[in-house]
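Asks: coords please:
(one chain, ligands or ions: 1)
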Amino acid sequence: MSGPLSDRHVLVTGAARGIGAAIAQRLAADGARLTLLGRRPDALAALCQALPGSGHHWVMADVADEAQVQTAFAQARERQGLLHGLVNNAGQAESAPLHRTSSALWQQMLAVNLTGTFLCCREALPDLRAAAGLGRIVNIASTAGQRGYAYVAAYSAAKHGVVGLTRSLALELASSGVTVNAVCPGYTDTDILRESVANVVAKTGRTPEQALAEFAASNPQRRIVQPAQVADTVAWLMGEGAAAITGQCLSVSGGEVM
Ligand code: NAP
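Replies: Residues are numbered from 1 along each chain as shown. So this is what the prediction gives:
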């Protein structure tokens, strides 16, 4: 399929649903050949079929598992050639006050959100360096990587880590032409937000509408961000027009962080 990303091979992690699926739709519409990485074969296969264009593939991996990530990237390369782009989108957001945050929850948030991003960046680096100035990494962090929120210390610490990783790697790769940026969505209309709303309803007795309105109120535009709005930002960072943008955090949050 022709478009601004024609002939580029891009791997998207956590692509089966939510923001990852929206990113996959948008990049495929722009002509990219995609490898979708995730944990649920049925959902990945169904999305592959539904994407615009042809020749998309999927691979299985838990991003926090080093051996699985290595195998998945080797399979992606074997099927579709060297990577031009990587979108680290896979993530989990569990909440708990710090005094009730177990070591297991803490480790899980760091493993999936931060270590997973590190492992996938490291695997993709040789390909991206060889991409003749077209290499791109986009890390989906969060406004929780730019500011604090109560009851999500582990998630927020992991996403702040993603922002630090983004900035340092951007400098490390600047002379190679590979750009590394973070996109930081505010509350976005996906399962993560629906679970957070259910949590508030269960703990406070508020209605789902009241809980959702509270999440929207943190956004100066009083909106819940749509996955397609995050995907549009990622697509722009993937393109040639963004070649001079690196080490940045783009907040897609209606002005919540500025
Ligand atoms: P989502 O609907 O829950 O989707 C999360 C995706 O990540 C799923 O495809 C899931 O795969 C995958 N995933 C989770 N753990 C994984 C692991 N260990 N290995 C591989 N894949 C894994 O969430 P979302 O809202 O689209 O979130 C996408 C990204 O945006 C995350 O990094 C999240 O932190 C970030 N974000 C979201 C919001 C928001 O309000 N929604 C705001 C800011 C940032 P399965 O289908 O196998 O579970």
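
Asks: mind showing which ranges of the protein have poor pLDDT?
Replies: Within the chain, the set of residues satisfying pLDDT under 70 is empty.

Asks: Near the ligand, which residues of it are found?
Replies: Applying C-beta under 6 Å from any ligand atom, we find that the chain lies next to the ligand at 13-14, 16-20, 38-40, 62-64, 89-93, 112, 140, 142, 185, 187-188, 190-193. (C-beta placed from N, C-alpha, C; glycine too.)

Asks: Mind doing that once more with 5 Å?
Replies: Within the chain, the positions adjacent to the ligand are 14, 16-19, 38-40, 62-63, 89-92, 112, 140, 142, 185, 187-188, 190-193 by C-beta under 5 Å from any ligand atom.

Asks: hang on, Leu34 in a strand?
Replies: Yes. Checked against DSSP: H, G, I helix; E, B strand; the rest coil, Leu34 lies within a strand.

Asks: Apart from its neighbours in sequence, what residue is nearest it?
Replies: The shortest distance from Leu34 to any non-neighbouring residue, by C-beta to C-beta, 6 or more residues apart in numbering, is to His56 (4.5 Å).

Asks: same thing with Val163?
Replies: Gly145 (4.4 Å).

Asks: how near is the one you found to Ala242?
Replies: Applying C-beta to C-beta, to the nearest Å, the value for Gly145 to Ala242 is 20 Å.

Asks: And these two? Which one has more around it.
Replies: Gly145 (27 against 18; other C-beta atoms under 10 Å).

Asks: quick one, phi/psi of the more buried one?
Replies: phi -100, psi -10 (degrees, to the nearest 10).

Asks: how much space between it and Ala182?
Replies: Counting by C-beta to C-beta, the gap from Gly145 to Ala182 is 7 Å.

Asks: any common contacting residues for the two?
Replies: Each of 162-163, 249 lies in contact with both Gly145 and Ala182 under the rule C-beta atoms under 8 Å, 6 or more residues apart in numbering.

Asks: Would you format those as a markdown table with neighbour count and secondary structure included?
Replies: Shown next, in a markdown table, are the shared contacts of Gly145 and Ala182 (neighbours: other C-beta atoms under 10 Å; DSSP: H, G, I helix; E, B strand; the rest coil):
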| residue | neighbour count | secondary structure |
| --- | --- | --- |
| Val162 | 25 | helix |
| Val163 | 20 | helix |
| Cys249 | 19 | strand |
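
Asks: So which of the residues you listed is the closest to the ligand?
Replies: Val162 (8.3 Å; C-beta to the nearest ligand atom).

Asks: what sits against that closest one?
Replies: Contacts of Val162 by C-beta under 8 Å, 6+ apart are 88, 113-114, 117, 139, 141, 145, 182.

Asks: Could you tell me which of these belong to strands?
Replies: 88, 139, 182 (DSSP state E).

Asks: right, and the first one touches Ala124 too?
Replies: The reference is to Asn88. No. If you go by C-beta atoms under 8 Å, Asn88 and Ala124 don't touch, sitting 9.2 Å apart.

Asks: any residues in contact with both of the two?
Replies: Ile137.

Asks: Which one of these two is surrounded by more residues?
Replies: Using other C-beta under 10 Å, the more surrounded residue of Asn88 and Ala124 is Asn88, with 30 against 26.

Asks: Put the alpha carbons of the strand or helix carrying Ala45 into PDB.
Replies: Taking DSSP states H and E as the definition, Ala45 sits inside helix 41-50. Extracted C-alpha coordinates of helix 41-50, given in PDB (Å, rounded to 0.1, in the frame of the first residue of the first chain):
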ATOM      1  CA  PRO A  41      -2.700 -15.100  19.000                       C
ATOM      2  CA  ASP A  42      -6.400 -14.900  18.100                       C
ATOM      3  CA  ALA A  43      -6.700 -11.200  18.600                       C
ATOM      4  CA  LEU A  44      -3.400 -10.500  16.800                       C
ATOM      5  CA  ALA A  45      -4.400 -12.700  13.800                       C
ATOM      6  CA  ALA A  46      -7.800 -11.000  13.600                       C
ATOM      7  CA  LEU A  47      -6.300  -7.500  13.600                       C
ATOM      8  CA  CYS A  48      -3.700  -8.500  11.000                       C
ATOM      9  CA  GLN A  49      -6.500  -9.600   8.700                       C
ATOM     10  CA  ALA A  50      -8.400  -6.400   9.300                       C
END
